[in-house]
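Engineer: This is a predicted model, with the sequence first.
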Number of protein chains: 2
Amino acid sequence: MNKQTITDWFKELQDEICKGLEDLDGKSSFKEDNWQRPEGGGGRTRVIDDGNLIEKGGVNFSAVSGPTPKKILEALNLPETDFYATGVSIVLHPQNPWVPIIHMNVRYFEMGNGTYWFGGGIDLTPHYVHGKEDGVTIHSILKAACDQIDPEYYARFKSWADDYFFIRHRNETRGIGGIFFDRINEQSEGKSKEDLWQFVQSVGKSFVPIYSDYAQKHRSRSFNEGNKKWQFLRRGRYAEFNLVWDKGTKFGLDTNGRTESILMSLPPQCSWEYDHQPTAGSLEAETLNWLKKDIDWI
Amino acid sequence: MNKQTITDWFKELQDEICKGLEDLDGKSSFKEDNWQRPEGGGGRTRVIDDGNLIEKGGVNFSAVSGPTPKKILEALNLPETDFYATGVSIVLHPQNPWVPIIHMNVRYFEMGNGTYWFGGGIDLTPHYVHGKEDGVTIHSILKAACDQIDPEYYARFKSWADDYFFIRHRNETRGIGGIFFDRINEQSEGKSKEDLWQFVQSVGKSFVPIYSDYAQKHRSRSFNEGNKKWQFLRRGRYAEFNLVWDKGTKFGLDTNGRTESILMSLPPQCSWEYDHQPTAGSLEAETLNWLKKDIDWI
């Protein structure tokens, strides 16, 4: 398998996921923007809004190339060389506050000198967390994908997600986690590129089953104004994480990436209130107790 | 004048501004949170919401001290030493989309080795800009404050504001600017500390007159749903600037500052829409044409 095979597979994954989400939504469909990057490559940004299930979301594919951005060369202490990067990125903000926000990214990076790596992850941000039962589906499905390649991967990548999707200035996790991994390759893992690619494909394929489960379970649950208000506040935290801490977002904005594609992750509507404190004993207060690292959700 | 004189004056400025804003608002009053910083010092955070004029705003005073944060020592290449920093920070989000968002900051910084500097600025972010007339009040009042100390300050600090309050990933200014200055002292300016302090005081004193003028001019203008929608989108850009580019916010979050005081600048409610494009010829489209550097507003 080479970069073209990987690229083609990611494109198909985008198609499949969009199809799966349109079926699930039942009302809205994706609109596509094809864009070119002046320095090389481009992408297919697909966004959906005002659906039955999804209020605003994006499923983006890109394959970009050209001279490696200076920031990467400096970080890795490398001489000038070309790069090729391809992947699929997703963020979905649901209408119903009982349905979680979800994020997925799978990516492949290759440089002129032969260096390559895979990265990716899926994580879930429910507006409400009741208990460990809320983490079972996502963590079980991701654990199964990890176990196929290495019995130690789930623990390692789950913990990596806890550390990565962490809102440091709030001392809280973005949600209930999932898995995250970056810059894995033959050298770092002692596994063949083919095996790692199989793993990345398993992660990509697990997106629709995971999201469908949460969506179907919660989409018909009735909610009130207080639930919407809480959803808007939690979306504010999501925006804080993405704009302040997310390395992918930061890198994209720093290196003159396509702003509208990068910021498709931001919520349709959100709010901030000074020092908001949920009522003691409320579901909102309970939720905050679950936004911690190192919870064993399975 | 010493750090205590400056601190006391900033406290009084906070009192005066809060009083002025309560009079102007006519409905809501400020709520105060006194906080202590574990490493030294503390602050008086004052927030207002749900007013006649102001939907959400903060007027914060702080005076913090202790070992200089490593980030500053590294940036300035200094040995370990104590610091003292005091200032007043304001952001106001109005109810009415015809009234602009306003920001002010005045600050003083001193280190154990005797180094000191002043910084500050005021800038205006109207949701709608019709033309140069919208910039006359703020820029004329700030120019007058600058001219008192140096005929070249307005041009220099106006241009500094254009560069600072710039949303790089959007290639647009945050609003119609104002002035911004940082790390000015005897060495950098060839002026006495007393003269520079007088200047900083003039800037602080100009806040209420500037905001009152814009508030009174526009607060009674009727608006529709489309205007509110546009206000929410513009507030989204304000959040993007503050969370992605604002050095003060970044520094505060990086150095374990008081999150709720730092993020009081965020809007009460805002929204993001993928690739929103205002209708050609609309007031919204006209506004975007004015969000550029180097416009002579006077």
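Structural biologist: Done, it's in. Fair warning: this is a prediction, and the values are worked out from it, not measured in the lab. Numbers count the residues shown, from 1 in each chain, chains lettered A, B, ... in the order given.
Engineer: Could I get the contacting residues of residue A:80?
Structural biologist: Applying C-beta atoms under 8 Å, 6 or more residues apart in numbering or on different chains to residue A:80 gives the contacts A:67-68, A:73. Backbone N, C-alpha and C define where each C-beta goes, glycine included.
Engineer: and the residues you listed, which are buried?
Structural biologist: Buried members of the contacts of residue A:80, scored by 16 or more other C-beta atoms under 10 Å in any protein chain shown, are A:68, A:73.
Engineer: Show me the contacts of residue A:80 that map onto strands.
Structural biologist: Using DSSP state E to define strands, the subset of the contacts of residue A:80 located there is residue A:67.
Engineer: Tell me which of the contacts of residue A:80 has the lowest pLDDT.
Structural biologist: Within those, pLDDT reaches its minimum at residue A:73, with 82.
Engineer: Also near chain B: which of the contacts of residue A:80, exactly?
Structural biologist: Filtering the contacts of residue A:80 for proximity to chain B by C-beta under 8 Å from any C-beta of the partner chain leaves nothing.
Engineer: quick one: which of the contacts of residue A:80 is nearest residue B:171?
Structural biologist: residue A:67 (21.8 Å; C-beta to C-beta).
Engineer: what number of residues lie near residue A:285?
Structural biologist: Around residue A:285 there are 12 other residues, counting by other C-beta atoms under 10 Å in any protein chain shown.
Engineer: quick one: contacts for residue A:260?
Structural biologist: Contacts of residue A:260 by C-beta under 8 Å, 6+ apart are A:33, A:45, B:274-275.
Engineer: Okay, and it sits in which element?
Structural biologist: helix A:259-262 (DSSP states H and E).
Engineer: Okay, buried residues for the following helix or strand past that helix please.
Structural biologist: Stepping forward along the backbone from helix A:259-262, the first helix or strand reached (DSSP H and E) is strand A:269-271. Buried residues in strand A:269-271, counted by 16+ other C-beta under 10 Å: A:269-271.
Engineer: Could you do stretch A:67-76 as well?
Structural biologist: In stretch A:67-76, counting by 16+ other C-beta under 10 Å, buried: A:68-69, A:72-73.
Engineer: And for stretch A:12-27?
Structural biologist: Quick answer for stretch A:12-27 (16+ other C-beta under 10 Å): A:13-14, A:17-18, A:20-22, A:24-25.
Engineer: Apart from its neighbours in sequence, what residue is nearest residue A:37?
Structural biologist: Distances taken as C-beta to C-beta, 6 or more residues apart in numbering or on different chains place residue A:64 nearest to residue A:37, at 5.0 Å, with adjacent residues excluded.
Engineer: you'd agree residue A:62 is in a strand?
Structural biologist: Yes. Assessed by DSSP: H, G, I helix; E, B strand; the rest coil, residue A:62 belongs to a strand.
Engineer: If you drop the residues flanking it in sequence, what lies closest to it?
Structural biologist: residue A:43 (3.3 Å).
Engineer: residues near that neighbour, how many?
Structural biologist: By other C-beta under 10 Å, neighbour count at residue A:43 equals 22.
Engineer: and for the helix or strand containing it, what are the contacting residues?
Structural biologist: Applying DSSP H and E as the criterion places residue A:43 in strand A:41-49. By C-beta under 8 Å, 6+ apart, the residues outside strand A:41-49 that reach it are A:11, A:14, A:18, A:21-22, A:25, A:28-37, A:54-66, A:84, A:258, A:260-261, A:264, A:268, B:273-275.
Engineer: same deal with stretch A:266-275?
Structural biologist: A:49, A:55-56, A:93, A:101, A:229, A:232-233, A:235-236, A:238-239, A:242-243, B:33, B:47, B:49, B:56, B:58, B:232, B:236, B:260, B:263-264, B:266-273.
Engineer: Show me which residues of that stretch are buried.
Structural biologist: Counting neighbours by 16+ other C-beta under 10 Å, stretch A:266-275 gives A:266-274 as buried.
Engineer: again, but for stretch A:290-298
Structural biologist: Buried residues in stretch A:290-298 (16+ other C-beta under 10 Å): A:290-291, A:295, A:297.
Engineer: Could you do stretch A:193-210 as well?
Structural biologist: Of the residues in stretch A:193-210, those buried (16+ other C-beta under 10 Å) are A:193, A:196-197, A:199-204, A:206-208, A:210.
Engineer: ditto for stretch A:152-169
Structural biologist: A:153-154, A:157-158, A:160-162, A:164-167, A:169.
Engineer: any residues touching the lowest-mean-pLDDT helix or strand in chain A, and which ones?
Structural biologist: Least confident helix or strand of chain A, by mean pLDDT, DSSP states H and E, is helix A:70-76 with a mean of 80. By C-beta under 8 Å, 6+ apart, the list of residues contacting helix A:70-76 from outside reads A:78-81, A:83, A:251, A:254-255.
Engineer: before we move on, back to that, ChimeraX command for the buried members of the contacts of stretch A:266-275?
Structural biologist: Entered in ChimeraX, the line below selects the buried ones among these, by 16+ other C-beta under 10 Å:
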select /A:49,55,56,93,101,232,233,235,236,238,239,242,243 /B:33,47,49,56,58,232,236,260,263,264,266,267,268,269,270,271,272,273
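Engineer: Where does the stretch 51-200 of chain A get nearest to chain B, which residue?
Structural biologist: Chain B sits closest to residue A:169 of the stretch 51-200 of chain A, with a gap of 4.3 Å, by C-beta to the nearest C-beta.
Engineer: surely that residue meets residue A:237?
Structural biologist: No. Applying C-beta atoms under 8 Å, one finds residue A:169 not in contact with residue A:237, separated by 10.2 Å.
Engineer: Enumerate the residues of the stretch 101-250 of chain A near chain B.
Structural biologist: Counting by C-beta under 8 Å from any C-beta, the stretch 101-250 of chain A sits next to chain B at A:168-170, A:232, A:236, A:239-240, A:243-244, A:250.
Engineer: Which two of those have the greatest separation?
Structural biologist: A:232 and A:250 (24.3 Å).
Engineer: Tell me, how many residues neighbour residue A:256?
Structural biologist: Neighbours of residue A:256 (other C-beta under 10 Å): 14.
Engineer: ignore the last one, residue A:114
Structural biologist: Neighbours of residue A:114 (other C-beta under 10 Å): 7.
Engineer: what kind of secondary structure is it in?
Structural biologist: Residue A:114 is classified as coil under three-state DSSP.
Engineer: Which pLDDT does the model give it?
Structural biologist: 86.
Engineer: now do residue A:221
Structural biologist: With respect to pLDDT, residue A:221 scores 98.
Engineer: mind listing what the residue nearest to it when sequence neighbours are not counted touches?
Structural biologist: Leaving aside its chain neighbours, residue A:221 sits nearest to residue A:98 (4.4 Å; criterion: C-beta to C-beta, 6+ apart). Residues in contact with residue A:98 (C-beta under 8 Å, 6+ apart) are A:127-128, A:218-219, A:221, A:223, A:227.
Engineer: Can you turn the buried part of those residues into a ChimeraX selection?
Structural biologist: A single ChimeraX command suffices to select whichever of those are buried according to 16+ other C-beta under 10 Å:
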select /A:127,128,218,219,223,227
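Engineer: Noted, bye for now.
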